[in-house]
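>>> What follows is a predicted structure for the sequence shown.
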Amino acid sequence: MKLDSRIPSGPIEQKWDNCKFEMKLVNPANKRKFTVIVVGTGLAGGSAAATMGELGYNVKCFCFQDSPRRAHSIAAQGGINAAKNYQNDGDSIYRLFYDTVKGGDFRAREANVYRLAQISVNIIDQCVAQGVPFAREYGGLLANRSFGGAQVSRTFYARGQTGQQLLLGCYQALERQVNAGRVTMFPRHEMLELIVIDGKARGIVTRNLVTGGIATHLADAVVLATGGYGNVFYLSTNAKGSNATALWRAYRKGALMANPCFTQIHPTCIPVSGDYQSKLTLMSESLRNDGRIWVPKKGRDSRPPGQISEDERDYYLERRYPSFGNLVPRDVASRAAKAVCDEGRGVGKTGLGVYLDFGDAVRRLGRKVVEERYGNLFEMYERITGDDPYSVPMRIFPAIHYTMGGLWVDYRLMSTIPGLFVLGEANFSDHGANRLGASALMQGLADGYFIIPYTIGDYLATAKLDRIDSNHQEVRRAENAVGEQIKRLLSIKGKRTVDSFHRELGRLLWEDCGMARNAKGLRHAMGKIAELQQEYWRDVNVVGDGAELNQSLEKAGRVADFLELAQLMCLDAFERNESCGGHFREEYQTPEGEALRNDDEYCYAAAWEYTGPGQAPALHKEPLSFEHVHLAQRSYK
Amino acid sequence: MKLKLHVWRQKNAASAGRMVRYEAEADEHMSFLEMLDVLNESLITKGEDPVAFDHDCREGICGACGFMINGVAHGPMPGTTVCQLHMRHFKDGDELYLEPWRAAAFPVIKDLIVDRGAFDRIIAAGGYVSASTGSAQDANAILVPKKDADRAMDSAQCIGCGACVAACPNASAALFLSAKVSHLGLLPQGQPERNERAIKMVAAANHELFGGCTNIGECEAVCPKNIRLEFIARRNWDFLKASCTFREEKAAAGAG
C-alpha cells in the first residue's frame, strides 16, 4: 500500500488556500441529499456535526454519553492556543507552527501543522461570536496566558474550564441544528462496527446502550471523532467511558493506525492514593505559570515541606532548563519528575510525587489574584486530597493524559478507507511525538469547524457512490459480527471481572510502555499481554444480558479492544529504535538524559495495517520532510 | 470504615423499583463512586447485577453523575458533585440511602440512572447564539467589560447535572435554564436573540413537565457549581420583558 498524504502544492503559506480552491463543491440544493455520520460529540465531532448541519447536509450524530455536552473535551482545563499576537509579544502564525513542530519533536507533518496555526485565529473569533466567556482584561479585551513549550502568551482561557466553555459553545451550535432538523442526535449509542462497501465507508452498526438494540445506519461518509485511547492504561486522566472501540473496529476494517506508541504523560496530576483508584485527576498545566516545582535535595527526606528550607530544595526544572524553567514541554517535565523519584527524592507516602509550590506566587501576587487564576483547581485539589494548596505545596505526579497516535489520515483528514474521516485526538496528524499544552482544543475545533466541512464536500462531489440498502451482505456481516461478539462475551461466565483485567493490562503497559521503554521490557509486555488476552476470553465474567442497559458488557467490549491495541502499541514502541517526544527509549538518550532522535532511520510516521486475527500487522512508512523547521535536537535549556 | 447502604434498584423504566440493602467497605481516601465500584466488583464476583449509575469524567465537570444521598442531591458537601465527594466526610457505621433524581421530566432508566434528555431539548429550543461557522468578526472587535464576562462565566459554569431539579419540591428547571439565559444575556453576542431565548426556553421547560419556580432556593443549596438564585431573577426579567414586547418572527433572511 502506498500512503498518499495528498499535501497540496505551493508554498506552505498557500497550501490550504490552494487545496480549498482545487476542491469540488456540492451545490446547496444537493447537500441535503447526502447523509453524513459523525461519531463522537467532543470539540471535533460536535463542531463538525454542527457545521455540516449548517451547510445543509443530513447529519446523524452519535455519542455514548447521555448528552453530547458531556464528551470528554469538557474536562480540558487550561486553554486554547491561537496566533493572534494580541499581547504584541512577537507571536505569529509562523511561530505557532514552529513551536508545535519543534514541541512535537519533529514527528508531525509540516503542512498540517501550518494549517492548524493559520486556522487558530478563526477559532477564537468563532467561539467569541458564540458567546464563549473567555477571560478578559479590565478594558474588555481578551486576556492571554503562557503555556508549556512557548515563550509567548498566546493561550486563551475561561478560568480553569476552557474545555467546558468551548464544548458548550459547540454543543449549543449542535443543538441549534438539532432544532432545525439538520442533525439527528443519538445519545447513549455506541458504535461497534464500521460498514465498508466496495472499499468505501458507508455506515456503522450501533448498540443502543439503554435497550441493547443493535441497528445499522447507512451514510455517504463516516466521520470518527471518538477521542484518544489513553484509557488503555486503565488509570489516566481520561473520562471513564473514553475508549478506543470505534478506532479499533475501523482499524480492523482496513484503516491504518499511526504511531500508536506516541502517548503523552502529563506532568501535573494528583498522585495515586490506593488500589481502588478509578482514575487520575489532572491539575492544569497553567499552574506551572506561577507554581514552582521542587523536591528535597537529599533523598528520603520525610520532613513536611514547610520545614525544608530554600537551600535544601532542588527546583530541578529551573536548574536544568533555565530559559524555559517550569514551562518546559510536558514530556520533558514528566521525565524529569520520574528521574528525581527514581533517585529516591520523591515526596509523599509512596515516594511517587513532587511538589508544586505556590508559596512564592501568593507572596508575589497576593492570595486574591492566585485565587482568581486557579481557584477552581485549588478547590478540586483540596476536595480530592484534603490538603489546602494555598498553605501546603501540592503533590503531583505524571499520568497518562493524551494520545498523539491515532488513525492515519491524509491532509484532508481522510483515512486509508475512502469516505472514512478522522478528526481530533482520534487521528495522528498534528502533534508528532508530543503535544504542547492548549493545542488539543485548537486541533479539535480546527478539524471540526474549518477543515472537514470543506474536505468532505470534495469527497462527496467526486466519489460516485452507489445506492445501498440494509440488505447488502456487508451490512448483514457487520451486524452479525457485533451480535456474535456480544454473545461470546456473555457466555464465558468466568471468574474475573472486566475491571480486574483492565487494571492488570494498565499496570503492564505503565511499567513497560509508559514514561520510559526499552526493548527487553517491551518484549516482556507483548508476551504478558498475549497471555492476558487468552485468559480474558477464557475467564472473564460479564453478568446480565445483552438486551438491557448493561455497563459490564459495555466495558467488556472496550477492554477486548484495548487488549489488542496494547499489543500494537508495544510493537510500535519496539520497532521505533529512537527516542522522540513522549516515546523515550532508554537505549537512546543523550549524555544529559534527553531524548535522542534518529532522523536518518526513523523520520517517518509508522502506519500499521491489520492483516487478520493473530497475524502480525504490516508496517507502512510515511516519510516526513522538514523544509521549514529544520531538524535539530530540541533544547529548552 | 463499614457502611450500610440502601440502594434504589430498578431493572428498567417499565418495572417497579425497591430499596436493597448492602454492606460496603470504604477507605477514607476513596471517592464515593470508588466506594460503589468496590461494591460492584463484589456483586459481579457473586454473579449479581452491579448497581448502575451514570458517571464519566469523575472530575466534577461533565455533569454525568448524581443521585440522592440521604435525600440530598450529590450528598452532604456543598459545591461538590458526587464523583468529587470523598469518604473522609463519612464515618464508620453510617447508614446511607441512595436514590435516583426524582422528577416527572427525568424518568428512571435503571437503578440510579435517569433520562435527562429534556435538558438537551430545552437548550435546542433557544439556548444558543445563532452564529454559523465562518461568519465571525475579529474576537477583539467587540469589547466585553470584565465584570460582565466574569458574571457570564459564573452562570455558564452549569454542568447540566440535574441536581437543581431533583432538589426542587416543584421539580423546576428554573436554575438550569436561567443559567443559560443569563450567560448569553450578559454578553453583547447574546443580545439579538435575548428576548426570544427566554420565551422559547421557558416554553420548552413547561412542555417537558418541569414545575414552576417558587423561589424556595433548594436548587442553589445543592448546585455543585454554586449557580446563584439571582440568575433566576434575571431570567424572570428577560421573560417578562419578552412577553410584553413579543412579535411573531418573519422568515429568516426575508422575502424575495
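Yes, it's here. Numbers count the residues shown, from 1 in each chain, chains lettered A, B, ... in the order given.
>>> drop to CA atoms for contacts and neighbour counts, all remaining ones
OK.
>>> Tell me how the chain divides into domains.
Reading this off chain A. A:265-400, A:479-601 (automatic domain parsing).
>>> if you could check chain B rather than the one you did, that'd help
Domain assignment for chain B, taken from automatic domain parsing, gives B:2-110, B:116-245.
>>> Throw these into JSON lines and include mean neighbour count, thanks.
Shown next, in JSON lines, are these (neighbours: other CA atoms under 10 Å in any protein chain shown):
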{"stretch": "domain B:2-110", "mean neighbour count": "20"}
{"stretch": "domain B:116-245", "mean neighbour count": "21"}
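>>> Can you add distance to residue A:574 and mean pLDDT and give those domains back as a markdown table?
Converted to a markdown table, those look like this (distance: least, CA to CA, whole Å; pLDDT from 0 to 100):
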| stretch | distance to residue A:574 | mean pLDDT |
| --- | --- | --- |
| domain B:2-110 | 32 | 97 |
| domain B:116-245 | 42 | 97 |
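>>> Any idea which of the domains of chain A has the lowest pLDDT on average?
Looking at these, the lowest mean pLDDT belongs to domain A:265-400 (a mean of 93).
>>> how about that domain, does it reach chain B?
Yes - counting by CA under 8 Å from any CA of the partner chain, contacts between domain A:265-400 and chain B involve A:273, A:274, A:276, A:277, A:278, A:279, A:281, A:380, A:383, A:384, A:385.
>>> Quick one: buried ones out of those?
A:276, A:277, A:278, A:279, A:281, A:380, A:383, A:384, A:385 (16 or more other CA atoms under 10 Å in any protein chain shown).
>>> Just the residues you listed: which are in strands?
If you go by DSSP state E, those have nothing in strands.
>>> returning to that earlier point: now the domains of chain A as a markdown table including distance to residue A:616?
Shown next, in a markdown table, are the domains of chain A (distance: least, CA to CA, whole Å):
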| stretch | distance to residue A:616 |
| --- | --- |
| domain A:265-400 | 27 |
| domain A:479-601 | 9 |
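>>> Check the chain for its longest helix and report it.
Since you didn't name a chain, this refers to chain A. helix A:551-575 (DSSP state H).
>>> try chain B instead
For chain B, the longest helix by residue count, based on DSSP H, is helix B:230-245.
>>> Now tell me what touches that helix from outside.
Residues outside helix B:230-245 that contact it (CA atoms under 8 Å, 6 or more residues apart in numbering or on different chains): B:155, B:174, B:175, B:178, B:179, B:181, B:182, B:194, B:195, B:196, B:198, B:199.
>>> Pick out whichever of those residues sits closest to chain A.
Closest to chain A out of the contacts of helix B:230-245 is residue B:155 (10.0 Å), distances taken as CA to the nearest CA.
>>> Make sure I have this right: that closest one is in a helix.
Yes - counting by DSSP: H, G, I helix; E, B strand; the rest coil, residue B:155 falls inside a helix.
>>> still on that earlier bit, let's see which of the contacts of helix B:230-245 end up in helices.
Residues from the contacts of helix B:230-245 lying in helices, with DSSP H as the criterion: B:155, B:174, B:175, B:178, B:179, B:181, B:182, B:194, B:195, B:196, B:198, B:199.
>>> Any figure for the gap between the second one and residue A:152?
Think residue B:174. From residue B:174 across to residue A:152, the span is 43 Å (CA to CA, to the nearest Å).
>>> and if you look at the fifth one?
Relative to residue A:152, residue B:179 is positioned 35 Å away (criterion: CA to CA).
>>> now do the fourth one
With distances taken as CA to CA, residue B:178 is found 38 Å from residue A:152.
>>> which one is residue A:194 nearest to, not counting chain neighbours?
Spatial nearest neighbour of residue A:194, chain neighbours left out: residue A:204 (4.5 Å); criterion: CA to CA, 6 or more residues apart in numbering or on different chains.
>>> mind listing what that neighbour touches?
Residues near residue A:204 by CA under 8 Å, 6+ apart: A:191, A:192, A:193, A:194, A:195, A:216, A:217, A:218, A:222.
>>> Just the CA trace of the stretch of helix or strand the second one belongs to, in PDB.
It refers to residue A:192. Using DSSP states H and E, residue A:192 sits in strand A:189-197. Listed next in PDB are the C-alpha coordinates belonging to strand A:189-197 (Å, rounded to 0.1, in the frame of the first residue of the first chain):
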ATOM      1  CA  HIS A 189     -25.400   4.800  21.400                       C
ATOM      2  CA  GLU A 190     -22.100   3.100  20.900                       C
ATOM      3  CA  MET A 191     -20.500   2.400  17.500                       C
ATOM      4  CA  LEU A 192     -19.400  -1.200  17.300                       C
ATOM      5  CA  GLU A 193     -18.700  -1.800  13.600                       C
ATOM      6  CA  LEU A 194     -17.800   0.100  10.500                       C
ATOM      7  CA  ILE A 195     -19.600  -0.900   7.300                       C
ATOM      8  CA  VAL A 196     -17.300  -0.900   4.300                       C
ATOM      9  CA  ILE A 197     -18.800  -1.500   0.800                       C
END
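>>> Parallel or antiparallel, which strands does that strand pair with?
strand A:200-208 (antiparallel) (DSSP bridges).
>>> So which residues make contact with stretch B:136-156?
Contacts of stretch B:136-156 (CA under 8 Å, 6+ apart): A:122, A:124-126, A:128-129, A:133-142, A:158, A:165, B:179-180, B:182-184, B:186-188, B:227-228, B:231.
>>> Filter these down to the ones in helices?
In this view, the contacts of stretch B:136-156 that belong to helices under DSSP H are A:122, A:124-126, A:128-129, A:165, B:179-180, B:182-184, B:231.
>>> Identify, from these, the entry nearest to residue A:591.
residue A:124 (42.1 Å; CA to CA).
>>> Grab the nearest non-local neighbour of the closest one.
residue B:139 (6.3 Å).
>>> can you confirm that neighbour is in a strand?
No - Residue B:139: not assigned to a strand; according to three-state DSSP it is coil.
>>> where's the residue lying closest to residue A:555 once chain neighbours are set aside relative to residue A:285, distance?
Among residues not flanking residue A:555 along the chain, residue A:498 sits closest, at 6.9 Å (CA to CA, 6+ apart). According to CA to CA, residue A:498 stands 33 Å off from residue A:285.
>>> Equivalent analysis for residue B:85, please.
24 Å.
>>> How about residue A:447?
Distance from residue A:447 to residue A:285, by CA to CA: 23 Å.
>>> Next: residue B:7.
Counting by CA to CA, the gap from residue B:7 to residue A:285 is 39 Å.
>>> Next: residue A:484.
For residue A:484, the distance to residue A:285 equals 44 Å [CA to CA].
>>> thinking again about what came up before, who's in contact with the helix or strand following the longest helix of chain A?
Counting by DSSP H and E, the next helix or strand C-terminal to helix A:551-575 is helix A:599-602. Defining contact as CA under 8 Å, 6+ apart, one finds that helix A:599-602 is touched by A:576, A:577, A:578.
>>> quick revisit: as a markdown table, the ones in helices among the contacts of helix B:230-245 with distance to residue A:308 would be great.
Converted to a markdown table, those look like this (distance: CA to CA, whole Å):
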| residue | distance to residue A:308 |
| --- | --- |
| B:155 | 42 |
| B:174 | 52 |
| B:175 | 48 |
| B:178 | 50 |
| B:179 | 46 |
| B:181 | 51 |
| B:182 | 48 |
| B:194 | 56 |
| B:195 | 59 |
| B:196 | 60 |
| B:198 | 57 |
| B:199 | 60 |
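>>> Would you mind listing the residues in contact with the closest residue to residue A:257 other than its chain neighbours?
Distances taken as CA to CA, 6+ apart place residue A:407 nearest to residue A:257, at 4.3 Å, with adjacent residues excluded. When contacts are counted by CA under 8 Å, 6+ apart, residue A:407 touches A:247, A:251, A:255, A:256, A:257, A:258, A:415, A:422, A:426, A:427, A:428.
>>> For residue A:407, give the beta-bridge partners.
Taking DSSP bridges as the rule, residue A:407 bridges to residue A:257, residue A:427.
>>> can you pull the pLDDT of it?
If you check residue A:407, the pLDDT there is 98.
>>> I'm done for today, thanks for sticking with me.
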